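Student: Could you look at this predicted model? Sequence included:
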Amino acid sequence: MSKISSRTLLFTILTTVFTLIVIDLYTWNHTRTFLLNGIRQDLHEKAALSLGLIDDKALENRDRVRLKQFTDEIKNLTGMRTTLIGKQGEVLADSEIPIDELNNVENHLNRKELQQALRTGSGLAIRNSATIGQELLYYAEPIRENGRVIGFIRFALLYPEFRNRMAYVTGLIARINLFLIVVVIGAVLLYWNWLTRQMENLRTPLIGQKEAPDYQMLPDQKYEEMDRIKADINAIGEKLQIAREELVSDQQLLLNIFDSLDEGVAAFDFDGLPLLNNRSFIDILKLKDGADHTRPFYDWVHFPPLIQDIESYLEKREPIKRRLKYYGDSFIEYKILPLKFNPREDSGFLVTLRDVTQLQQLETIRQDFVANVSHEFKTPLTSIRGYAETLLSEMAEDRELRKKFLEKIVSRTEHLENLVTDLLQLSRIEKNEITTIDRINPIPDIQEVAEEFMHISRSRKMKFDFEIMDFEKDIFIRASANLLHTLLSNLIMNALQYNHPEGSVWLRIKVEHEYLRIEVQDTGVGFTKEQRERIFERFYRVEAARSSYVQGTGLGLSIVRHIVELLEGKIEVESEPGKGSLFRVEFPII
């Protein structure tokens, strides 16, 4: 890339040289003309003086001897070679040529100086002399008598003298040119040095900002032109700073959104080096050190199936989707897709990850749910079918047996009806297809449920205690009477059903730390810590309870849990096998 300083210097030198050449040619030409005019004037004066010495009669009579005397005398007076020429151009006398050699001299009528003399009254020419072999300057004037030309007088002087004068002039011009060129170059260099310093005053602060995070305004400049440039640079810098801040803000926003995705995403080039990844990608793969952007994927992913699928994609370039069990009980689902920075060609590949552990668990729960529902329906249906077939057989004649079987059918049908009712109720709670939840005083509804189960417990010969603290003011929670009744009924019914004969059940109501606490405690079968983790699952029942207490549907506690979650409460369980259970439910007071 060419420099402005070099181009400026070259342009200045060429311009100066061209200008000086034009001036030199003009000066040299005018100087030469001036010198020649001076010589012409001098020779004209000498010719005028010399004409007074020449006898016109001798010239007309072509008296060469006498004319030779005139040329010698004029030469002695002027110091210049003198020639007298007849009107026809023949040389009649010459101060440098003997008379007897004049016949060998060619006719001079066509010589330039004579032709000019005939036209203008004087003639001047420069050429080599055929006689003496030197360059001479010739000057000629016509000799007139009564207005008519009778001959010519011509002077000749050595041209080197004139040439020396011109050489002196040429040398003087050359020295002046050299001086001017040096002065111009020096002036250009000085000016450029000054201009460079002014530009450095602008450039230095800009260089210092190469690594700076923000643009700093340039200081004011001494000269108006530089100050205008400074103002323009500052305006551009300020605009770029604003654009940069907006770009950084947008980039950060996009990265935040990118990192907020639950789905893990990572982009790689075809060498396997990561280009970009979000936080979820690291979390799902449980990479403690994160993605290393200096190493390919197989050095830090540490999941062989994913590595093998990536290698397969790089070989075949076909998208891959797979769901696999990850470490422990977790499951992941990943896709390997082409990465396109432009629509024409792939720029790498994209890996998307999802933690599908919960989905897998839900799928397992769904499968278990279907199996449990099938089991729960199959048992009573099998009984109903067996009793019905028996009634159709010969044994149906026994009236007592017939009544017993019909009672069994009614019992199993009621069980199926309760099962369907609980399933529908659980589905409505999950879908929030229930009565409107509002701010209510739960105490009257709780008391109503307590009174209802006092009668039921007496019929079962069990003890039921209802304890409620005295409230200074009304208590309000976010609930509905129907949901509250369902929750308490399921907890108390479970406490009664899975209890020992003549066992006890307690229902306690109190306020703790701005929460309404409901406790249902029994002296029933209880359950282990491992069983406690599953009691809220659909159809789950402790094996001892499943074999001894068949009236339940296995959905009661699942309904309780969903109601508590719907009402934004919390539930806790304490239990020991053979010693009973304590269910503690809390709702925030509003």
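Tutor: In hand now; what should we look at?
Student: Test my guess that residue 50 contacts residue 143.
Tutor: No. Applying CB atoms under 8 Å, one finds residue 50 not in contact with residue 143, separated by 9.8 Å. Glycine gets a C-beta too; all of them are placed from N, C-alpha and C.
Student: which residues are common contacts for the two?
Tutor: Taking CB atoms under 8 Å, 6 or more residues apart in numbering as the criterion, residue 50 and residue 143 both touch residue 153.
Student: any idea which helix or strand carries residue 485?
Tutor: helix 481-497 (DSSP states H and E).
Student: do residue 110 as well
Tutor: Assigned by DSSP H and E, residue 110 belongs to no helix or strand.
Student: what's the burial count for the closest residue to it other than its chain neighbours?
Tutor: Nearest residue to residue 110 in three dimensions, chain neighbours excluded: residue 89, at 7.1 Å (CB to CB, 6 or more residues apart in numbering). Around residue 89 there are 15 other residues, counting by other CB atoms under 10 Å.
Student: contacting residues around the helix holding residue 485?
Tutor: Residues from elsewhere that reach helix 481-497 (CB under 8 Å, 6+ apart): 425, 429, 434-435, 437, 440, 442, 445-446, 448-449, 453, 456-457, 460, 462, 464, 505, 507, 518, 520-522, 524, 549, 551-552, 556-557, 559-560, 563-564, 566-567, 581, 583, 585.
Student: Buried members of those residues into ChimeraX, please.
Tutor: Here is the ChimeraX command that selects the buried residues among those (16 or more other CB atoms under 10 Å):
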select :425,429,437,440,442,445,446,449,453,457,460,462,464,505,507,518,520,521,522,524,549,552,556,557,559,560,563,564,566,567,581,583,585
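Student: Now, the contacts of helix 481-497 that are in strands?
Tutor: 440, 464, 505, 507, 518, 520, 521, 522, 581, 583, 585 (DSSP state E).
Student: so can I have TSV of the residues you listed showing distance to residue 153 and pLDDT?
Tutor: Below are those laid out as TSV (distance: CB to CB, whole Å; pLDDT from 0 to 100):
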residue	distance to residue 153	pLDDT
440	151	92
464	169	94
505	166	95
507	162	95
518	155	95
520	159	95
521	161	95
522	164	94
581	159	94
583	155	95
585	151	95
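Student: I'd like these as a markdown table, with distance to residue 165 appended.
Tutor: Shown next, in a markdown table, are the ones in strands among the contacts of helix 481-497 (distance: CB to CB, whole Å):
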| residue | distance to residue 165 |
| --- | --- |
| 440 | 132 |
| 464 | 149 |
| 505 | 145 |
| 507 | 142 |
| 518 | 134 |
| 520 | 138 |
| 521 | 140 |
| 522 | 143 |
| 581 | 138 |
| 583 | 135 |
| 585 | 131 |
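Student: Of these, just say which sits nearest to residue 347.
Tutor: residue 585 (56.8 Å; CB to CB).
Student: okay but that closest one is in contact with residue 564, surely?
Tutor: Yes. Residue 585 is within contact range of residue 564, at 6.0 Å (criterion: CB under 8 Å).
Student: Quick check: neighbours shared by the two?
Tutor: By CB under 8 Å, 6+ apart, residue 585 and residue 564 have these common neighbours: 487, 570, 571.
Student: Can you pull the phi/psi pair for the second one?
Tutor: This means residue 570. phi -140, psi 150 (degrees, to the nearest 10).
Student: Need the pLDDT of the most centrally placed residue in the chain.
Tutor: Centroid-nearest residue in the chain, with CA atoms, centre = their mean: residue 247, separated by 8.1 Å. pLDDT recorded at residue 247 is 88.
Student: Give the other helices and strands that the helix or strand harbouring it contacts.
Tutor: Element membership of residue 247, judged by DSSP H and E, is helix 224-260. Identification of packing neighbours for helix 224-260 by 3 or more CB pairs under 8 Å, 6 or more residues apart in numbering; DSSP states H and E yields helix 159-207.
Student: Give the other helices and strands that the helix it packs on contacts.
Tutor: Checking 3+ CB pairs under 8 Å, 6+ apart, helix 159-207 ends up next to helix 4-51, strand 135-145, helix 224-260.
Student: and the ones you listed, which is most packed in?
Tutor: strand 135-145 (a mean of 20; mean count of other CB atoms under 10 Å).
Student: Return the list of strands paired to that one, each annotated with direction.
Tutor: strand 123-128 (antiparallel), strand 148-158 (antiparallel) (DSSP bridges).
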